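Peer 1: Whatever this is, show me its structure:
(2 chains)
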Amino acid sequence: MAIEWLKDVEAGLERARRDGRPVLLDFSAAPT
Amino acid sequence: MERAITSEFVPVRAHVEHQPEVFERFHVQWTPTQLILDEHGEEHHRMEGFLPVEDFLAELELGLGKLAFDRKDYDAAGLRFRRVVEEHPEAAVAPEARYWAGVAAYKANHEPHALEDTAKALHERYPDSEWARKSSVWMH
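Peer 2: Residues are numbered from 1 along each chain as shown, chains lettered A, B, ... in the order given. I've put the predicted structure just below:
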């Protein structure tokens, strides 16, 4: 199961409010 | 690991090259770093540096426990903390989780034996941990 990472923090927080789940915010420097 | 993330969290990723402002906002200066945020963007747990899978899973559970604890939902917090110890007993954060499980139990029912029992358990199971030392004050 691949993880679909959102790239927008505010969109993530909005979804968190809607879904009742916390945000896992990953800070990455991996090559894109 | 993917399942643990997608079932419990809204996953968001910030890249150092493309979103340096997010790094600034949350005072992150090193990768990998993961934060657990509530729906208002408030930080409840921080993981810095690479972690093996077992430790990472334990940290996620610990963070969910801290989130519940911060919300004063001590029953839910205790469940999370105990799950760390039961499912990831060798994880680096297992002693910390055992400590907070005791605190959550005490907060939930004000039963002082919860703290003493926790101190005994920590000294038996994780005697060299800082959490055993922190719990020493609960020993009678």
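Peer 1: in the chain, which spans are strands?
Peer 2: Chain wasn't specified; assuming chain A. A:23-28 (DSSP state E).
Peer 1: try chain B instead
Peer 2: With DSSP E as the criterion, chain B has strands spanning B:10-15, B:33-37, B:43-48.
Peer 1: Export only the CA atoms of the second one, formatted as CSV.
Peer 2: Coordinates of the C-alpha atoms in strand B:33-37 are reproduced here as CSV (Å, rounded to 0.1, in the frame of the first residue of the first chain):
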residue,chain,number,x,y,z
THR,B,33,12.1,14.5,11.0
GLN,B,34,8.5,13.6,11.6
LEU,B,35,6.0,15.6,13.6
ILE,B,36,2.6,14.5,14.9
LEU,B,37,0.2,17.5,14.7
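Peer 1: near chain B, which residues of chain A?
Peer 2: Residues of chain A lying close to chain B by CB under 8 Å from any CB of the partner chain are A:1-9, A:11-13, A:15-17, A:19-30, A:32. For every residue, glycine as well, the C-beta is placed using N, CA and C.
Peer 1: In ChimeraX, how would I select the buried members of these?
Peer 2: Buried residues within those, by 16 or more other CB atoms under 10 Å in any protein chain shown, are selected in ChimeraX with:
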select /A:5,6,9,12,13,15,16,21,22,23,24,25,26,27,28
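Peer 1: who's in contact with the closest residue in space to A:Val23 that isn't next to it in sequence?
Peer 2: Sequence neighbours aside, B:Leu37 is the residue nearest to A:Val23 in space, at 4.2 Å (criterion: CB to CB, 6 or more residues apart in numbering or on different chains). With contact set as CB atoms under 8 Å, 6 or more residues apart in numbering or on different chains, B:Leu37 has these partners: A:13, A:16, A:22-25, B:43-44.
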